[in-house]
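S.K.: need a structure here:
(one chain, ligands or ions: 2)
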Amino acid sequence: MDRNSSYIVNLICTNCGKDFNANERNGLCNSCGKILFPKYDLEKAKEMLSKQIIQKRKKYNIWRLHEIMPVKDEKFRLTLGEGWTPNVKLNNFGKDLNLNQVYLKDEGQNPTGTFKSRGLCAAVSKGLELGVKDFVMPSAGNAGAALSAYAAHAGVNAHVYVPKDTPKLIQKEIIHMGGELTLIEGLISDAGRVANKEGKKNNWFSVSTLKEPYRVEGKKTMGLELAEQFNWALPDIIIYPTGGGTGIVGMWKAFEEMETLGLIGNERPKMISVQPSGCQPIVRAFKKGDKYATPWDNAHSFASGIRVPDAIGDYLILNAIRESNGTAVAVDDSEIKEAMYSFAKTEGIMVCPEAAATVAATVNLTNEGYIDSNDSVVLFITGSGLTTPNDW
Ligand SMILES: *Cc1c(COP(=O)(O)O)cnc(C)c1O
Ligand SMILES: [Zn+2]
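M.R.: Residues are numbered from 1 along each chain as shown. Ligands and ions are numbered 1, 2, ... in the order given. A predicted model of the protein is given here:
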């Protein structure tokens, strides 16, 4: 096999186990309606992916471990420089909380200012390989901007449906990069219904969160990088702002694949999901011990990227939290706002509201004694504060 190719085998339903052809356009499982994940021949990939080989590679983007990414032909692998974001030790923030090993992964340095670049880079690239010319999605804004960027770069079309209250700057970002933007009355779930209808009618490829099997592969690279950046040892705790859940679910998949590849052992970080008090379906389901989350009524929060009332990946998010012995917590919008201001002054990094939610949650969990001073903790700063122009 060409050494630049992928070891993808097929797509497997995460719920019923049915398999699907990875050379054809697929969305959700046509038997049970749940999520499909790409599966790789990890035993073969193992020969190519020793720590020594990986560390010598010069490619610092999401295609670094291309063997376990879904795009077979190198010529379809787009890049705008996404991925391999800095892992920064937070001395001031750590000192204030009496934490000795607290880090952040600065996803704000991705091309479109958020970690959404990773997922859409992977999904648009795979779409190109499958011959797709039109992509459609509902978005809280950041995913739409990322889709528009990669679609423009590839010379194909992005159709994006966002709630009317999406920050103006993000709306402009989408329009300037040539995305076809439609404003929808209501929440992301309402935008989802319209995007779905229009997508079906026009035969556009849907890249709605977890409703296709490839964005998760882009997000997975956060977990791959983290392991390499920590010299193949994972931190004790990962704190992650959770909306649709691709980030947490993608990293969880990365850890499993890396264990099979022999790159890490069976230890796992505690995965901690953070949601806003005004929309916390995962937190509620976690506390109740439910396998699925019921939709959250009257969802509200200015952290719109994590204002997701009804996530199709609920069972996968809850599974990752539980298997990791982690937890799920909510923070108030007032705490998020306060964290945005204070964190910028403490560490010199402007964070978006979703990322500030992880900062606020870290403070609360430390004060409650959940986090110990010697735990190594990674906060996912999912986006830059520069993507948040409205009046905060
Ligand atoms: C989309 C988004 C999230 C939530 O991401 P999921 O992995 O889908 O849960 C968090 N932060 C920002 C900045 C986002 O844009
Ligand atoms: Zn199924």
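S.K.: ok, the nearest residue to Gly186 once chain neighbours are set aside - how many residues close by?
M.R.: Counting by C-beta to C-beta, 6 or more residues apart in numbering, Gly186 lies nearest to Pro163, which is 6.2 Å off, once chain neighbours are set aside. In this view, the C-beta of every residue, glycine as well, is placed from N, C-alpha and C. Look at Pro163: counted by other C-beta atoms under 10 Å, it has 20 neighbours.
S.K.: Gly17 too?
M.R.: For Gly17, the count of nearby residues is 10 (other C-beta under 10 Å).
S.K.: please apply the same query to Lys287.
M.R.: When neighbours are counted by other C-beta under 10 Å, Lys287 registers 13.
S.K.: begin at 436, not 1, for the rest of this chat.
M.R.: Okay, residue one is now 436; in that scheme the one you just asked about reads as Lys722.
S.K.: which residues touch it?
M.R.: Neighbouring residues of Lys722 by C-beta atoms under 8 Å, 6 or more residues apart in numbering: Ala763.
S.K.: what helix or strand does it sit in?
M.R.: Assigned by DSSP states H and E, Lys722 falls within helix 716-723.
S.K.: report whether that helix contacts ligand 1.
M.R.: No: using C-beta under 6 Å from any ligand atom, helix 716-723 never reaches ligand 1; the gap is at least 9.1 Å.
S.K.: which residues in this protein form strands?
M.R.: Residue ranges of the strands in the chain, as given by DSSP state E, are 443-448, 454-455, 471-475, 522-524, 536-541, 569-573, 592-598, 615-619, 640-641, 672-676, 705-711, 762-766, 811-816.
S.K.: what's the spacing between the last one and its chain's center?
M.R.: For strand 811-816, the distance from its own C-alpha centre to the chain's C-alpha centre is 14 Å (C-alpha atoms, centre = their mean, to the nearest Å).
S.K.: what helices and strands are in contact with it?
M.R.: strand 536-541, strand 672-676, helix 788-802 (3 or more C-beta pairs under 8 Å, 6 or more residues apart in numbering; DSSP states H and E).
S.K.: could I get the full set of helices for the stretch 436-585 of the chain?
M.R.: With helices called from DSSP state H, counting those that start in this stretch, the stretch 436-585 of the chain shows them at 477-483, 486-491, 526-532, 551-564, 577-589.
S.K.: how about these in JSON lines, adding mean pLDDT and mean neighbour count?
M.R.: Shown next, in JSON lines, are those (pLDDT from 0 to 100; neighbours: other C-beta atoms under 10 Å):
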{"stretch": "helix 477-483", "mean pLDDT": "94", "mean neighbour count": "14"}
{"stretch": "helix 486-491", "mean pLDDT": "95", "mean neighbour count": "12"}
{"stretch": "helix 526-532", "mean pLDDT": "98", "mean neighbour count": "16"}
{"stretch": "helix 551-564", "mean pLDDT": "98", "mean neighbour count": "29"}
{"stretch": "helix 577-589", "mean pLDDT": "97", "mean neighbour count": "27"}
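S.K.: can you report how many residues lie near the closest residue to Leu477 other than its chain neighbours?
M.R.: With sequence-adjacent residues excluded and distances taken as C-beta to C-beta, 6+ apart, Leu477 is closest to Thr695, at 4.4 Å. Using other C-beta under 10 Å, Thr695 is surrounded by 15 other residues.
S.K.: list the contacts for Thr695?
M.R.: Leu477, Glu478, Lys481.
S.K.: can you do 10 Å?
M.R.: Residues near Thr695 by C-beta atoms under 10 Å, 6 or more residues apart in numbering: Tyr475, Leu477, Glu478, Ala480, Lys481, Ile503.
S.K.: surely the fifth one and Ile489 touch.
M.R.: No: Lys481 sits out of contact with Ile489 when judged by C-beta atoms under 10 Å, with a separation of 11.7 Å.
S.K.: which neighbours do the two share?
M.R.: Glu502, Leu696, Leu698.
S.K.: look up phi and psi at the last one.
M.R.: What it means is Leu698. phi -90, psi -30 (degrees, to the nearest 10).
S.K.: neighbours around it, how many?
M.R.: Leu698 has 20 neighbours, counted by other C-beta under 10 Å.
S.K.: what sits against it?
M.R.: Leu698 touches 481, 484-486, 489, 500, 659, 662-663, 667, 689-690, 692, counting by C-beta under 10 Å, 6+ apart.
S.K.: need the nearest residue in space to Lys479, chain neighbours excluded.
M.R.: Tyr442 (5.6 Å).
S.K.: do the same with Ala755
M.R.: Trp687 (4.0 Å).
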